[in-house]
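> The sequence and its predicted three-dimensional model are supplied below.
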There are 2 protein chains.
Amino acid sequence: MTTQQLYNQIQEKKSFLSVGLDVDLDKIPKHLLELEDPIFEFNKAIIDATHDLCVAYKPNIAFFEAYGLKGWASLQKTINYINDTYPEIFTIADAKRGDIGNTSSMYAKAFFEDLNFDSVTIAPYMGKDSVEPFLAFENKHTIMLALTSNEGAFDFQTLKVDGKELYKQVLETSKSWKNSENLMYVVGATKAEYFTEVRKIVPDAFLLVPGVGAQGGSLSEVCKYGMNANVGLLINSSRGIIYASNGTDFAKKARVEALKMQQEMQQILSEV
Amino acid sequence: MTTQQLYNQIQEKKSFLSVGLDVDLDKIPKHLLELEDPIFEFNKAIIDATHDLCVAYKPNIAFFEAYGLKGWASLQKTINYINDTYPEIFTIADAKRGDIGNTSSMYAKAFFEDLNFDSVTIAPYMGKDSVEPFLAFENKHTIMLALTSNEGAFDFQTLKVDGKELYKQVLETSKSWKNSENLMYVVGATKAEYFTEVRKIVPDAFLLVPGVGAQGGSLSEVCKYGMNANVGLLINSSRGIIYASNGTDFAKKARVEALKMQQEMQQILSEV
């Protein structure tokens, strides 16, 4: 998918919501556990109930790997279901990968070819040759960690490197990499004032924004500082939507929460 | 496994070799491709031919994920085969994971519980709360990237943060984390002189050292600067051993290469 197609979808749906699929068997409604593939059934119900309100789904790969072979099968079924049923949706493999070149190539193959995701999240610590193998895929997107929404973000990301915070250095440096137009960045919502700084360095890139809702970030603040002429934001919510209820009405309640966010987004889009 | 058990194994085998299992279907002997699970069959043959010469196996998770569900099944069979047949061997899931707390917990569950690896490699960029969920597992080991062996290592890892290189800051900071005694570190062999600096900060920790051989690092140089009283080094070789031949004699040739390294290690151990 191209970023233009992603932007078109945002305009049509009046939404820039990404729904995170972090499916924990301990948290999903009990009645699903009797089914053959509870994780997939949960995802399918959530997707069917929310696909017109969001522009992206973000399966969190850890939550599939934790269930071994069964979990990987659920992941395959989930991504295939999205691609087959709602092909307009932008898909994000939240995997936080990154390794030496030949290994990154294998991860890129896993997520872009084998599973056919539109994008994958990656970590920057190993530098250029750990990221460029992902960037080589046409119309695929590599979403690199810049400034994350967790407490540990302050351990290294905000340390000063030559008078400039590390996350800014990461943003700056990545712009010189081959096919850097395929980069997007993770910037956490819990630090809305940082978006001004981020936009000085990457005015045009899409930013994937976790941390609205459960982690305390404000949607309007993020949009105020982070939105660009092409919106340029994908706001992710996981637990706030998918675990809105753990009863048989879970999908219906997930839709209610997704609708709240979509309406807030529609309001914001109408004002710019 | 405890580090004492790992050390005992090193003493018995007179080896601190880790064999990396980066199995690429394009590179393994053609006759294996006719079998039902070529990746597992390749690994099994390599393991049977080298288990008395090495103390660790390091499956590179990317190379399994690239083959989807089949790849994950090969990974399960490989780790089960090692644990069942050679339980004294230290196992390393080379996964380079790291995410917010609840997600890192799921990765830890995947590698430490579901697959029963002794250790997993992780990336430090997201800080303390992305690593501590791994450290919480008793007698399991978390091998954090410090200074890697690739070219991109110089993009961020060696930048000066408050007058000190980032990788040193990572080493220093990690020592204050809960259960930090379960930490080991990745330090690339291509920069042997850096080991002196690393040992000033983490004198006692085990270091996993990629980059000897194919990537140009020298074993004797690494040992000169990096070895401690308990050896404290796991030297990994992947391609140099497993792809020594792509004929039907591949396992035999892998043994020849592993033996060369073990003998060099035995010599070094006899001199200290």
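Here it is on my side, so go on.
> contacts, neighbours, all on C-alpha from now
Will do.
> give me the element A:Gly20 is part of.
strand A:17-21 (DSSP states H and E).
> Could you name the helices and strands sitting against that strand?
Contact partners of strand A:17-21 among helices and strands, from 3 or more CA pairs under 8 Å, 6 or more residues apart in numbering or on different chains; DSSP states H and E: strand A:56-59, strand A:233-237, helix A:239-242.
> could I get those as JSON lines with distance to chain B and mean neighbour count?
Shown next, in JSON lines, are those (distance: least, CA to the nearest CA, whole Å; neighbours: other CA atoms under 10 Å in any protein chain shown):
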{"stretch": "strand A:56-59", "distance to chain B": "12", "mean neighbour count": "25"}
{"stretch": "strand A:233-237", "distance to chain B": "14", "mean neighbour count": "25"}
{"stretch": "helix A:239-242", "distance to chain B": "11", "mean neighbour count": "23"}
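> mind listing the helices for the stretch 1-150 of chain A?
For the stretch 1-150 of chain A, applying DSSP state H, counting those that start in this stretch gives helices covering A:3-13, A:38-50, A:61-65, A:68-85, A:101-108, A:128-135.
> would you turn these into a markdown table with mean neighbour count and mean pLDDT?
Formatted as a markdown table, the helices of the stretch 1-150 of chain A follow (neighbours: other CA atoms under 10 Å in any protein chain shown; pLDDT from 0 to 100):
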| stretch | mean neighbour count | mean pLDDT |
| --- | --- | --- |
| helix A:3-13 | 16 | 98 |
| helix A:38-50 | 21 | 98 |
| helix A:61-65 | 25 | 98 |
| helix A:68-85 | 19 | 97 |
| helix A:101-108 | 23 | 96 |
| helix A:128-135 | 25 | 98 |
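> A:Lys200 is nearest to which of these?
A:Lys200 sits nearest to helix A:3-13 of all those, at 20.0 Å, using CA to CA.
> In this structure A:Leu145 contacts A:Tyr125, no?
No: with contact defined as CA atoms under 8 Å, A:Leu145 does not reach A:Tyr125; the gap is 9.4 Å.
> Let's see stretch A:140-148 as PDB, backbone CA atoms only.
Extracted in PDB, the C-alpha atoms of stretch A:140-148 (Å, rounded to 0.1, in the frame of the first residue of the first chain):
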ATOM      1  CA  LYS A 140       6.100  -1.600   2.300                       C
ATOM      2  CA  HIS A 141       6.700   0.600   5.300                       C
ATOM      3  CA  THR A 142       9.300   0.400   8.100                       C
ATOM      4  CA  ILE A 143       8.100   2.000  11.300                       C
ATOM      5  CA  MET A 144      11.200   2.700  13.400                       C
ATOM      6  CA  LEU A 145      11.200   3.400  17.100                       C
ATOM      7  CA  ALA A 146      12.100   7.000  17.800                       C
ATOM      8  CA  LEU A 147      10.500   8.000  21.100                       C
ATOM      9  CA  THR A 148       8.400   5.400  22.800                       C
END
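> Please compute how far that stretch lies from its chain's middle.
Distance, stretch centre to chain centre, for stretch A:140-148: 9 Å (CA atoms, centre = their mean, to the nearest Å).
> Pull out the buried residues from the longest helix along chain A.
Secondary structure of chain A per DSSP state H: the longest helix is helix A:250-271. Neighbour counts using 16 or more other CA atoms under 10 Å in any protein chain shown place A:250-259, A:261-262, A:265-266, A:268-269 of helix A:250-271 among the buried residues.
> now A:Ala153, nearest residue through space, not along the chain?
B:Met126 (5.2 Å; CA to CA, 6 or more residues apart in numbering or on different chains).
> typed the wrong thing, it's A:Val222
Spatial nearest neighbour of A:Val222, chain neighbours left out: A:Ala192 (5.1 Å); criterion: CA to CA, 6+ apart.
> Also A:Thr78?
A:Phe40 (5.9 Å).
> quick revisit: I'd like the helices of the stretch 1-150 of chain A as CSV, with distance to B:Asn116 appended.
Converted to CSV, the helices of the stretch 1-150 of chain A look like this (distance: least, CA to CA, whole Å):
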stretch, distance to B:Asn116
helix A:3-13, 40
helix A:38-50, 22
helix A:61-65, 13
helix A:68-85, 11
helix A:101-108, 22
helix A:128-135, 27
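> Tell me the pLDDT of whichever residue of the stretch 151-272 of chain A sits closest to chain B.
Residue of the stretch 151-272 of chain A nearest chain B, by CA to the nearest CA: A:Gly152 (4.1 Å). A:Gly152 is assigned 96 on the pLDDT scale.
> That one and B:Asn182, how far apart?
19 Å (CA to CA, to the nearest Å).
> can you check A:Phe156 too?
According to CA to CA, A:Phe156 stands 21 Å off from B:Asn182.
> What is the neighbour count of A:Ala95?
23 (other CA atoms under 10 Å in any protein chain shown).
> Then A:Lys164?
Here the number of neighbours of A:Lys164 (other CA under 10 Å) works out to 12.
> give me the beta-bridge partners of it?
A:Val161 (DSSP bridges).
> Please tell me the pLDDT value assigned to it.
pLDDT, A:Lys164: 92.
> again with A:Val212
pLDDT, read off for A:Val212, is 87.
> Then the one 5 residues further on?
Per-residue confidence (pLDDT) for A:Gly217: 78.
> wait, isn't it in contact with A:Lys191?
Yes: contact criterion CA under 8 Å: A:Gly217 and A:Lys191 qualify, at 7.3 Å.
> Is A:Phe40 in contact with A:Asn80, as I believe?
No: in this structure A:Phe40 lies outside contact range of A:Asn80 using CA under 8 Å: 10.6 Å.
> Tell me the residues that contact both of those two, please.
Overlap of the contact sets of A:Phe40 and A:Asn80 (by CA atoms under 8 Å, 6 or more residues apart in numbering or on different chains) is empty.
> Touching stretch A:191-203 from outside, list them.
Residues contacting stretch A:191-203 (CA under 8 Å, 6+ apart): A:149, A:168, A:171-172, A:187, A:217-218, A:221-222, A:225-226, A:228.
> any idea of the mean pLDDT for that stretch?
93.
> Quick check: beta-bridge partners of A:Asp121?
Wrong residue type there; residue A:121 is Thr, not Asp. A:Ile143.
> Count the residues that sit near it.
By the criterion of other CA under 10 Å, A:Thr121 has 25 neighbours.
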